[in-house]
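*Asks:* Got a sequence here, can you build the structure:
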Amino acid sequence: MDQGFQGLVVQVIYFSFLSQFNHQSCIILNSWELPKDSIELMSNSTAIHYLFLSGLGDSARDLLKFQGLLDIKNWNTLIDYYGGNPYFLNSISTVIKNLFGGKISEFLRYETLFPGEDITESLTQQFNRLSELEQKIIIHLGQNPNEIMLSEFQSNLKLSASDVLKALASLGQRYWIERLELENQIYFTLQPMLKHYIQAMQKPGF
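*Replies:* Reported below is the predicted structural model:
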């Protein structure tokens with residue numbers, strides 16, 4: 001049992017204990033994924049709720065301004081690349097300031113989504129926690145330039161519909177995948193940063 005999983009178990013037990021008593025406290029847990037046991041706790045208790053946080057949106061521009069990055073016209077490009085993730089944006093902002101004098105345009109010239117060592121380490125830890133089937137689906141999404149329909153997972157990876165659905169549901173809870181609706185069809189994809197990470201992971205010497 002890795003330390004990350006042990007931490008999740010302890011958190012679930014702690015929240016379960018707190019939900020059984022009346023108190024004035026408000027405790028916030030910020031996590032990459034929603035522990036499965038937490039879903040059961042939320043269904044049995046009105047005292048526990050969760051909120052899915054997507055990208056920062058417009059406030060991401062405030063973050064880049066605070067970091068002192070230049071080239072305002074390129075801010076949205078950088079935000080889109082990193083999915084508005086504040087952790088990713090803070091990390092890459094430091095790189096851009098240190099290596100490119102805060103000039104986003106200079107960084108973008110290299111046409112790469114440089115993840116940085118701290119981001120890579122975090123993503124690797126999370127990826128290793130996925131099941132073999134989930135990893136297979138993530139790698140397939142990372143290698144494919146286009147969005148993928150559920151039926152394509154079945155045909156391309158030779159998987160049953162039930163296996164695909166189970167894996168996609170789990171990946172959705174872990175916020176690895178994004179769901180898109182195009183012309184009344186459901187597709188799945190990865191954020192550009194995650195796609196870049198998966199592609200880099202396949203290269204020798206990663």
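*Asks:* burial measure for Phe88, as a count.
*Replies:* 25 (other Cβ atoms under 10 Å). Using the backbone N, CA and C atoms, a C-beta is placed for each residue, glycine as well.
*Asks:* What helices and strands are in contact with the helix or strand where it lies?
*Replies:* Following DSSP states H and E, one finds Phe88 within helix 86-100. Contact here means 3 or more Cβ pairs under 8 Å, 6 or more residues apart in numbering; DSSP states H and E; on that basis helix 86-100 packs against helix 59-67, helix 75-81, helix 104-108, helix 116-128.
*Asks:* want to try JSON lines for the ones you listed, with distance to Lys136 as columns?
*Replies:* Below are the helices and strands packed on helix 86-100 laid out as JSON lines (distance: least, Cβ to Cβ, whole Å):
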{"stretch": "helix 59-67", "distance to Lys136": "32"}
{"stretch": "helix 75-81", "distance to Lys136": "25"}
{"stretch": "helix 104-108", "distance to Lys136": "32"}
{"stretch": "helix 116-128", "distance to Lys136": "12"}
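*Asks:* For Ser91, which of these is the nearest?
*Replies:* Closest to Ser91 of these is helix 116-128 (Cβ to Cβ; 4.8 Å).
*Asks:* Just the helices from the chain, written as ranges.
*Replies:* All helices of the chain, identified by DSSP state H, fall at 3-18, 36-44, 59-67, 75-81, 86-100, 104-108, 116-128, 132-143, 150-157, 161-173, 192-201.
*Asks:* Need the CA coordinates for the fifth one. PDB is fine.
*Replies:* Below are the C-alpha coordinates for helix 86-100, written out as PDB (Å, rounded to 0.1, in the frame of the first residue of the first chain):
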ATOM      1  CA  PRO A  86      -3.200  26.600 -11.000                       C
ATOM      2  CA  TYR A  87      -0.500  24.100 -10.000                       C
ATOM      3  CA  PHE A  88       0.700  23.700 -13.600                       C
ATOM      4  CA  LEU A  89       0.500  27.400 -14.300                       C
ATOM      5  CA  ASN A  90       2.500  28.300 -11.200                       C
ATOM      6  CA  SER A  91       5.100  25.800 -12.000                       C
ATOM      7  CA  ILE A  92       5.500  26.700 -15.700                       C
ATOM      8  CA  SER A  93       5.400  30.500 -14.800                       C
ATOM      9  CA  THR A  94       8.600  30.000 -12.700                       C
ATOM     10  CA  VAL A  95      10.300  28.200 -15.600                       C
ATOM     11  CA  ILE A  96       9.300  31.000 -18.000                       C
ATOM     12  CA  LYS A  97      10.500  33.700 -15.700                       C
ATOM     13  CA  ASN A  98      13.800  31.900 -15.000                       C
ATOM     14  CA  LEU A  99      14.700  30.800 -18.500                       C
ATOM     15  CA  PHE A 100      12.800  33.300 -20.800                       C
END
